[in-house]
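1. This is a predicted model, with the sequence first.
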Amino acid sequence: MGDRKIKVETLTRVEGEGGLFIRMSGDTIEEVRLEIYEPPRLFEALLRGRPLEDTPDITARICGICPVAYQMSSVHALEAALEVTVSPEIRRLRRLLYCGEWIESHGLHMHLLHAPDFLGFESGLEMAKQFPEEVNRGLRLKKHGNQLVDLLGGRAIHPVNVCVGGFYRIPNRNEFQKLIPDFEWGLNAAMETTRWVAGFDFPEMESDCEFISLSHPDEYPMNDGVMKSSLGDVIEVDQYEAEFEERQVPHSTALQAFRKSTGRPYLLGPLSRINLNRQQLFPQARKLADEIGWEPVCRNPHKAIIARGLEIVHAYEEALSILRDQHPAGKPRESYSPQAGIGKSATEAPRGTLYHRYEIDDQGKIIEACIVPPTSQNQAQIEVDLKHLVTESAGQEDAELGRKCENLVRAYDPCISCSTHFLKVTIDRH
Amino acid sequence: MVAGIGSPHGDDQAGWEMAREIERRKYSHVSVKLARTPADLLDWIEPGRDLLICDACQGAGEPGSIHQWEWPCGQLDEIRWSGTHQMSLTGVLALAEQLGRLPQHVRIWAIELHSNHSGESLSAAVQARVFAAVEAMCEDISNSVSQGEIEHA
């Protein structure tokens, strides 16, 4: 095949604005770039000089899909700086809040954004006519997630009830109990969904990536733990910046991330979490993983949709266990006095590990903030996997190759930003 | 059912204000809902209940101008609706239609917004038109009443 240029203008069903550029000479791949061109939003600079109490609500504005993740990483980092330890009840309720976010984010992505790729539809809207039951189920799961975030977070999008030390208000037992019937239905529905997506016809693909996620001896990772690598490394969250580095690349306004020790990119998110923490899943999720034949280590990025399904099942199980046992008794938040310090935290956003570091002064003002979102960390690995895919499929027609690239990008559920929803793909063959 | 779509920010409150005004008029058999995003409609709509949507819009005319569309309507795709995070109103209605959940009659009433900056109240231009928009909507509702669909309390 001679030199050629392929341009796929629009990739839908991803969060945010970006582009994909592939340059080929014959069948040789010269360059693959995941281009993120939306302007930097400068949240870290925005926080400087502000009271630390503003941080959870401001950082929640970074994302409309995963605001809880930003709130969780920020309050934990600030509590580390202030040497505040939250009560077991607060800790449990924060996990419950995170369950809500995982359910709504994964539910939306699986049913309306990713499933159409496997069933041959251009959009979830198009898919709805032939698969109304599945789409209605996805909408209902998303609604459950939103209800939970609404109850504990004060509103479904950009919640406002999380504060340093705990919550502004803890709902009463009756408010929690009301959610139980829906969540019992949701658990069964999530299991059906996972069985459904596990039956899709997946493209063959093996990514030689390093998987990284938080890991905790007693629970599936959300708010706490050490960072674990599929290479066997265990990294304290405090050491994040010593082990990982962000690099500016000319084609992206988002920094890319690499392991300092290997110089290579790595993968965060549901595939990494399941691969590294399968034994910490709640029982029905673990049993379902066995039932559908989930491999000990799954290296096919397309199968992340199944990992999301297992995580929704887990989230429903864990949410139900908390909802059933919830007897609000303690105070809603721990008090603290401002003190100078530095705090770091990583939590598991739906798309992967989200790292925050804050330095505060003795008046409780933010001196410096560092926020490293999962999608920016995954960018470089997505480029590596795209290069692999294009190499394997170089002989295919441009349109088909472009479609495969779009499908692969969607498998990572990139949250490029929350403002607009398109990604241009350009393949330049010469 | 009357659904007001909006937020507490500037003229984006127009949909809520219109819906609240209708609620004050206490029609029986008319339920009034306030939505933060168009996707909320998917939780409430029923094929057997006419749907009246109140919202703010942008790009349809002068600030404060009142607009009414009957779904489906091609012009709706060209109108910019407030809010960027969620599915658009037209996307939600199209999805509901695909799922067989959309009522036969869907009408959308909107006021062209002037400003929707965070923390602002309704602009004078939009505030002045809320009552007129609601009057027009109530006539719409009364027509439905005369057809035996809705009763006044």
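-> Thanks, I have the structure now.

2. drop to CA atoms for contacts and neighbour counts, all remaining ones
-> Fine.

3. can you pull out the strands in chain B?
-> B:2-5, B:27-28, B:32-35, B:51-58, B:66-70, B:80-81, B:106-112, B:151-152 (DSSP state E).

4. and among these, the most buried is which?
-> Comparing these by mean neighbour count (mean count of other Cα atoms under 10 Å in any protein chain shown), strand B:2-5 comes out on top with a mean of 28.

5. what ranges of chain B fall below the confidence cut-off?
-> Within chain B, the segments meeting pLDDT under 70 span B:77-86, B:144-153.

6. those helices in it, which residues are they?
-> B:14-24, B:41-44, B:89-98, B:124-146 (DSSP state H).

7. Can you check which of those gets nearest to chain A?
-> Among these, helix B:89-98 comes nearest to chain A, with 5.1 Å by Cα to the nearest Cα.

8. list the buried ones in the closest one?
-> B:89-90, B:92-98 (16 or more other Cα atoms under 10 Å in any protein chain shown).

9. near chain A, which of these show up?
-> The residues of the buried residues of helix B:89-98 that also fall near chain A, by Cα under 8 Å from any Cα of the partner chain, are B:94-95, B:98.

10. Can you get me a residue count around A:Arg247?
-> 12 (other Cα atoms under 10 Å in any protein chain shown).

11. ugh, wrong one, I meant A:Ile180
-> 16.

12. what do you get for A:Asn172?
-> Applying other Cα under 10 Å, we find 12 residues neighbouring A:Asn172.

13. what sits against the residue nearest to it when sequence neighbours are not counted?
-> Leaving aside its chain neighbours, A:Asn172 sits nearest to A:Pro328 (6.4 Å; criterion: Cα to Cα, 6 or more residues apart in numbering or on different chains). Neighbouring residues of A:Pro328 by Cα atoms under 8 Å, 6 or more residues apart in numbering or on different chains: A:89, A:170-173.

14. Mind checking which of those residues are buried?
-> Burial by neighbour count, judged by 16+ other Cα under 10 Å, picks out A:89, A:170-171 from the contacts of A:Pro328.

15. any idea how far A:Ala340 lies from A:Val75?
-> Remark: distance between A:Ala340 and A:Val75 (Cα to Cα, to the nearest Å) = 16 Å.

16. ok, these two, which is more surrounded?
-> Counted by other Cα under 10 Å, A:Ala340 and A:Val75 do not tie: A:Val75 has more neighbours, with 24 against 16.

17. With respect to chain B, which of the contacts of A:Pro328 is nearest?
-> Closest to chain B, out of all of the contacts of A:Pro328 and judged by Cα to the nearest Cα, is A:Pro171, at 21.3 Å.

18. just checking, the closest one touches A:Gly154?
-> No - here A:Pro171 does not reach A:Gly154: they are 9.6 Å apart, not a contact under Cα atoms under 8 Å.

19. Check the gap between A:Tyr245 and chain B for me.
-> Just to correct that, residue A:245 is Glu rather than Tyr. Distance, A:Glu245 to chain B, using Cα to the nearest Cα, to the nearest Å: 31 Å.

20. Mind giving me the packing neighbours of the helix or strand harbouring that residue?
-> Using DSSP states H and E, A:Glu245 sits within strand A:244-247. Helices and strands touching strand A:244-247, by 3 or more Cα pairs under 8 Å, 6 or more residues apart in numbering or on different chains; DSSP states H and E, are strand A:256-259.

21. Neighbouring strands - and their directions - for the strand it packs on?
-> Using DSSP bridges, the strands paired with strand A:256-259 in its sheet are strand A:244-247 (antiparallel).

22. Pull the partner strand out as CSV, backbone CA atoms only.
-> C-alpha atoms of strand A:244-247 as CSV (Å, rounded to 0.1, in the frame of the first residue of the first chain):
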residue,chain,number,x,y,z
PHE,A,244,6.0,8.9,38.3
GLU,A,245,6.7,12.0,36.2
GLU,A,246,4.6,14.2,34.1
ARG,A,247,5.9,15.4,30.8
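
23. List the buried residues in it.
-> In strand A:244-247, counting by 16+ other Cα under 10 Å, buried: A:244-246.

24. Closest to the centroid, which residue in chain B?
-> B:Cys54 (1.4 Å; Cα atoms, centre = their mean).

25. In contact with that one, which residues?
-> B:Cys54 touches B:2-5, B:14-16, B:18-19, B:108-110, counting by Cα under 8 Å, 6+ apart.

26. Tell me how many other residues crowd A:Ser335.
-> Per other Cα under 10 Å, the neighbour tally for A:Ser335 reads 12.

27. just checking, it touches A:Cys163?
-> No - with contact defined as Cα under 8 Å, A:Ser335 and A:Cys163 do not form a contacting pair (10.7 Å).

28. Now the residue in chain A that chain B sits nearest to: which helix or strand?
-> Residue nearest to chain B within chain A: A:Lys129 (5.1 Å; Cα to the nearest Cα). Using DSSP H and E, A:Lys129 sits within helix A:124-130.

29. one step back: in TSV, list the contacts of B:Cys54 along with distance to A:His109.
-> Compiled in TSV, those are given as follows (distance: Cα to Cα, whole Å):
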residue	distance to A:His109
B:Val2	30
B:Ala3	27
B:Gly4	27
B:Ile5	24
B:Ala14	31
B:Gly15	29
B:Trp16	29
B:Met18	34
B:Ala19	32
B:Ile108	29
B:Trp109	31
B:Ala110	31
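
30. among those residues, which are within reach of chain A?
-> Okay, of the contacts of B:Cys54, nothing touches chain A (Cα under 8 Å from any Cα).

31. between the residues you listed, which is nearest A:Leu268?
-> Nearest to A:Leu268, judged by Cα to Cα, of the contacts of B:Cys54 is B:Ile5 at 36.5 Å.

32. Run through the residues that contact that closest one.
-> When contacts are counted by Cα under 8 Å, 6+ apart, B:Ile5 is found next to B:13, B:15-16, B:34-38, B:53-56.

33. what's the spacing between it and A:Glu104?
-> Distance, B:Ile5 to A:Glu104, by Cα to Cα: 21 Å.

34. any low-confidence regions in the stretch 251-400 of chain A?
-> Checking the stretch 251-400 of chain A against pLDDT under 70 turns up nothing.

35. OK, contacts around A:Arg357?
-> Shown in contact with A:Arg357 (Cα under 8 Å, 6+ apart): A:74, A:77, A:342-345, A:369-371.

36. Give me the three-state assignment for A:Arg33.
-> Classification of A:Arg33 by DSSP: H, G, I helix; E, B strand; the rest coil places it in strand.

37. my guess is it contacts A:Gly18, does it?
-> No - A:Arg33 is beyond contact range of A:Gly18, at 10.3 Å (criterion: Cα under 8 Å).

38. returning to what we had before: now do the strand holding A:Glu245: everything it contacts.
-> Contacts of strand A:244-247 (Cα under 8 Å, 6+ apart): A:255-260.

39. Ranking by neighbours, what's the top pick from those?
-> Counting neighbours by other Cα under 10 Å, A:Ala257 leads these with 25 neighbours.

40. Tell me the spacing between B:Val2 and chain A.
-> Using Cα to the nearest Cα, one gets 21 Å for the distance from B:Val2 to chain A.

41. Would you mind listing where the stretch 51-200 of chain A has pLDDT under the threshold?
-> Scanning the stretch 51-200 of chain A for pLDDT under 70 picks out nothing.
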